[in-house]
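# Return atomic coordinates for the entry below.
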Amino acid sequence: MKNPPFCPNPHCSYHTDAGRPSHWFIRKGFYATHSGNRYQRYQCSHCQRRFSSKTFHIDYFAKVTLDYHRLLTYLVSGMSLRALGRAFHRSPKTIAGKISILTRQFIAFNHDNPSVVNLAEDLVADGFESYVVSQYFPNNFNLLIGKDSQFVYDLTYAYLRRKGAMTDAQKKLAVRYRVTDPLPAGQIQVSFTHLLRTAAGLLRVSSRKTLLILHTDEKKEYVAPLAGYASAGLPDPLPLRILHRQTPSSVPRTGTNPLFPANYIDRDIRKDMAEHHRETVCFARNVNASLERLTCYLFHHNFIKAFRINRADRTFSSHAVAAGLDARFIRKRLAFLFTRRAFFTRLSLPLPGELLWRRGYFTPRKAFCDCLPAYVLA
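Numbers count the residues shown, from 1 in each chain. Next comes the predicted model:
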């Protein structure tokens, strides 16, 4: 990096791109680290803030560096945290910290997707059910998926209560957890509302669709939010509507089923992520960490994994290209993804993305919230 892109001080007027002159910084020499690397020092001419070229690096404030490409490849290949630690000769805590850094990079990368996607397909919304801490605290990872491209447009989280057949002892323990660890009500409905807001935003900026069909199963929690959006949820000047089509969950999820994309993603997540294998000891212990790993997996699925692996004539290089994103634009953005640090103060994230960035989801049976270094919110 020859020149710093902006002032890292969030209170400085040169922190944003608007109104910043070309020569807004002053070079202040170099400094060397114990590893032998030299970094250029700078000073902002407006706020007098001092910083260096390392301030904008993905490994800012890090004492240990890893190969992030290799880490992402191993993570989406079914390796657990301890297995990743053995592969990199690092502790699982270090690996989890690097996955958190990758997640924030991916959140920033996905931030501009709604403005560059010209929606040309219908959407499918469904929940992938797993659990965190124990099977008494199941959850739903709610996904918004392209019906033709299998591109995952959004991810939200919902807390659930254990259901199904239980022994008498299990029922007593479930009742006790409802008292000691109360969960907010209506989580599926709230989570689905966020997905619906994303779908409306995609439809609003699309020049290729004026009518969106949203496919779901027959969950009753989907009815109320969709009723509001179908009538008046979108801007009046635009003749846009969202039509709801429900398909029973008992219908076989073959290629002709409208819910097939959701089943396709569910199968791959169950197959490729260690914590979601059936009858595994690698279950998640922290809600935020589980969401971070799934965010990394979905990014790999959207932008790196081939759209159809076993086809000789690969029409699209990735699911993102199949969804309508320009391949050259994606490559240009990917060039700095694993090197240049994303800044929270330069983004305007929706609530689920901001919560994940701040690690703001609470974990059942955990008394304290997750701690964050100060630079994460800079």
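
# Got the phi and psi for residue 26?
Phi and psi for residue 26, reported as degrees, to the nearest 10, are phi -120, psi 130.

# what do you get for residue 284?
The phi/psi pair for residue 284 (degrees, to the nearest 10) reads phi -70, psi 140.

# Over to residue 50?
Note on residue 50: its backbone torsions stand at phi -100, psi 140 [degrees, to the nearest 10].

# burial of it, as a residue count?
14 (other C-beta atoms under 10 Å). Any C-beta I mention is one placed from the backbone N, CA and C, and that applies to glycine too.

# so what's it up against?
Counting by C-beta atoms under 8 Å, 6 or more residues apart in numbering, residue 50 touches 28, 41-44.

# Out of those residues, which is nearest to residue 316?
When these are compared for distance to residue 316 (C-beta to C-beta), residue 42 wins out at 41.7 Å.

# Using the three-state scheme, assign the closest one.
strand (DSSP: H, G, I helix; E, B strand; the rest coil).

# and if you look at residue 87?
The three-state assignment at residue 87 reads helix, by three-state DSSP.

# any chance of the contacts of residue 50 in CSV, with neighbour count, distance to residue 71 and pLDDT too?
What follows is the contacts of residue 50, written out as CSV (neighbours: other C-beta atoms under 10 Å; distance: C-beta to C-beta, whole Å; pLDDT from 0 to 100):
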residue, neighbour count, distance to residue 71, pLDDT
28, 13, 34, 92
41, 16, 30, 95
42, 22, 30, 96
43, 15, 34, 95
44, 21, 33, 95
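
# which of these sit farthest apart?
Farthest pair in those, by C-beta to C-beta: 41 and 44, 11.7 Å.

# Give me the common contacts of the two.
With C-beta under 8 Å, 6+ apart, residue 41 and residue 44 have common neighbours 50-51.

# what's the neighbour count on residue 143?
Residue 143 has 23 neighbouring residues, counting by other C-beta under 10 Å.

# Wait, it touches residue 262, no?
Yes: taking C-beta atoms under 8 Å as the definition, residue 143 is a contact partner of residue 262 at 6.7 Å.

# shared neighbours, those two?
In contact with both residue 143 and residue 262: 125-126, 128, using C-beta under 8 Å, 6+ apart.

# How about the spatially most central residue of the chain: what's its closest non-neighbour residue?
In the chain, the C-alpha nearest the mean C-alpha coordinate belongs to residue 295, at 3.7 Å (C-alpha atoms, centre = their mean). Among residues not flanking residue 295 along the chain, residue 103 sits closest, at 5.0 Å (C-beta to C-beta, 6 or more residues apart in numbering).

# Give me the phi and psi for the one you found.
Torsion angles, degrees, to the nearest 10, at residue 103: phi -60, psi -40.

# Do I have it right that it meets residue 294?
No: using C-beta under 8 Å, residue 103 is not in contact with residue 294; the gap is 9.3 Å.

# which ones are touching residue 155?
Contacts here follow C-beta under 8 Å, 6+ apart; on that basis residue 155 touches 141-144, 291, 294-295, 298, 352.

# ends of stretch 110-125, how far apart?
From its first residue to its last, stretch 110-125 covers 18 Å (C-alpha to C-alpha, to the nearest Å).

# mind listing what's buried in that stretch?
110-111, 113-114, 117, 119, 121-125 (16 or more other C-beta atoms under 10 Å).

# re the thing from before, check the gap between the residue nearest to the centre of the chain and residue 37 for me.
Residue 295 sits 30 Å away from residue 37, taking C-beta to C-beta, to the nearest Å as the criterion.

# Over to residue 210?
In terms of C-beta to C-beta, residue 210 sits 54 Å off from residue 37.

# thinking residue 10 is in contact with residue 374, fair?
No: using C-beta under 8 Å, residue 10 is not in contact with residue 374, being 11.8 Å away.

# between the two, which one's more packed in?
Between residue 10 and residue 374, counted using other C-beta under 10 Å, the more crowded position is residue 10 (13 against 7).

# How about residue 223, nearest residue that isn't a chain neighbour?
residue 244 (8.0 Å).

# got the contact list for the one you found?
If you count contacts by C-beta under 8 Å, 6+ apart, residue 244 has them with 214, 216, 222-223, 226, 230.

# beta partners for it?
residue 214 (DSSP bridges).

# That one and residue 250: what is the separation?
Distance from residue 244 to residue 250, by C-beta to C-beta: 19 Å.

# Please apply the same query to residue 191.
Residue 191 is 23 Å from residue 250, by C-beta to C-beta.

# repeat for residue 276
23 Å.

# Report how many residues lie close to residue 319.
Neighbour count of residue 319, defined by other C-beta under 10 Å: 24.

# Distance check, it against residue 240.
For residue 319 relative to residue 240 (C-beta to C-beta), the value is 25 Å.

# Please apply the same query to residue 6.
Distance of residue 6 to residue 240, given as C-beta to C-beta: 36 Å.

# got a list of what residue 121 touches?
Counted by C-beta under 8 Å, 6+ apart, residue 121 has contacts 146-149, 209, 323.

# Low-confidence stretches in this protein?
Counting by pLDDT under 70, the ranges of the chain that qualify are 230-239, 310-314.

# residue ranges of the strands in the stretch 51-200 of the chain, please?
123-131, 138-146, 152-159 (DSSP state E, counting those that start in this stretch).

# will you turn these into JSON lines that also has distance to residue 69?
Compiled in JSON lines, the strands of the stretch 51-200 of the chain are given as follows (distance: least, C-beta to C-beta, whole Å):
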{"stretch": "strand 123-131", "distance to residue 69": "26"}
{"stretch": "strand 138-146", "distance to residue 69": "25"}
{"stretch": "strand 152-159", "distance to residue 69": "21"}
